[in-house]
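*Asks:* sequence and predicted structure are below.
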Amino acid sequence: MNMKIDLPKLELGLFPTPLAKLERLSTMFNCNIFIKRDDLCGVGVGGNKVRKLEYILADAINKGCDTIITMGGAQSNHALLTAMCSRKLGLEPILFLKKRGVTSNDGNLLLSNIIDAKINFIDTDHSSEVQKEALKLAEDLEKQGRKPYFIPIGGSIPLGTVGYISGALELFSQAEEEEKDIDHIICASGSGGTQGGLVAGTKLISKNTKVTGIMVSPEENFENTIMDLGNEAIKLINAEERIKLEDVILKDYIGAGYAIPSKEGIEAIKLLAKKEGIILDPVYTGKAFAGMLDLIRKGYIKENENVVFIHTGGIPGLFAVKLNG
Ligand SMILES: *Cc1c(COP(=O)(O)O)cnc(C)c1O
């Protein structure tokens, strides 16, 4: 395997991230469960957005931008990591977040405040409204002679998606070193770039690996969004392969709604912490891990198969919720 991605990239995180076997859970569930620790990637408290930002912010710098504008939910991990990476590069971060009844500055907001990221709360439930405000500011700043760069929600644009093609290549080369085949890759899917990149990267390398995204928020036409992101990213790296709709597998473990902790998710957080000493988050990885365990129980992931769970981070979110489960 000697694929190379020939696009400008910054080194913002500590890669490769560790790939470790969960020994006790593997015994409990009769299969080989591995975890790819993208929560340990060395910026902020870690998380999947850093791989995307290595490509996106390289583009911002090449375009001579001085200000990075992005958006998300009130506890957006993407917004925090964008602000952290921007600060590292000497760029000014400006965040547009959904207000949604925010009353205290905990979790990701606390960390954003530590680095004095400018936060604009928008009192709406619609991302499109938040984006409108963000783009309006970008226009105003441009008129003042500044050079703003806007990153859409989750960094899920083709360039960001390339970050997880790169992540998939990293994972497969680790598995190859250890002479292991990967039967399944499981990740939480939110804005789709992570899964799109993983599906695309897997397509380039392995015919026998199934990538399954765990849905944690209701999205319309989400399979198409993910397929398009994956294919646009493949085009950016000048590879010939294309992914098909049937390559995009989604399982719904949303529960009561986005960012509302589920009973199963809380149980998964407790289980992984107690058995393996690893912390998950309530919005993404807790639900995704619970989904994976359910898929093992249901036989979708079979006995003795090798499954890799992508720990996409999100840990600050745990400090912004009450867990009553
Ligand atoms: C953003 C995020 C995801 C989802 O990644 P997408 O590329 O948006 O699908 C998963 N886990 C965590 C912790 C995240 O912050």
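*Replies:* Noted; the coordinates are in hand.

*Asks:* looks to me like Lys168 is in a helix.
*Replies:* One correction, residue 168 is Ala, not Lys. Yes - the assignment for Ala168 is a helix, going by DSSP: H, G, I helix; E, B strand; the rest coil.

*Asks:* where's it relative to Val308, distance?
*Replies:* From Ala168 over to Val308 the distance is 10 Å, taken as C-beta to C-beta, to the nearest Å. From N, CA and C alone the C-beta is placed, and that goes for glycine too.

*Asks:* which neighbours do the two have in common?
*Replies:* Counting by C-beta atoms under 8 Å, 6 or more residues apart in numbering, the shared contacts of Ala168 and Val308 are Ile185.

*Asks:* mind listing what whichever residue of the stretch 1-150 of the chain sits closest to the ligand touches?
*Replies:* At 3.3 Å from the ligand, Asn77 is the closest residue in the stretch 1-150 of the chain, using C-beta to the nearest ligand atom. When contacts are counted by C-beta under 8 Å, 6+ apart, Asn77 touches Gly47, Lys49, Asn108, Asp281, Tyr284, Gly313, Gly314, Pro316, Gly317.

*Asks:* ok, and the most crowded of these?
*Replies:* Neighbour tally across the contacts of Asn77 (other C-beta atoms under 10 Å): the maximum, 38 neighbours, falls on Lys49.

*Asks:* was I right about that one contacting Ile153?
*Replies:* No - applying C-beta atoms under 8 Å, one finds Lys49 not in contact with Ile153, separated by 10.9 Å.

*Asks:* quick one: common contacting residues for the two?
*Replies:* Counting by C-beta under 8 Å, 6+ apart, the contacts common to Lys49 and Ile153 are His78.

*Asks:* which SS class is Glu241?
*Replies:* Here Glu241 takes the coil state, with states given by three-state DSSP.

*Asks:* from the ligand, how far out is it?
*Replies:* When distance is defined by C-beta to the nearest ligand atom, to the nearest Å, Glu241 is 20 Å away from the ligand.
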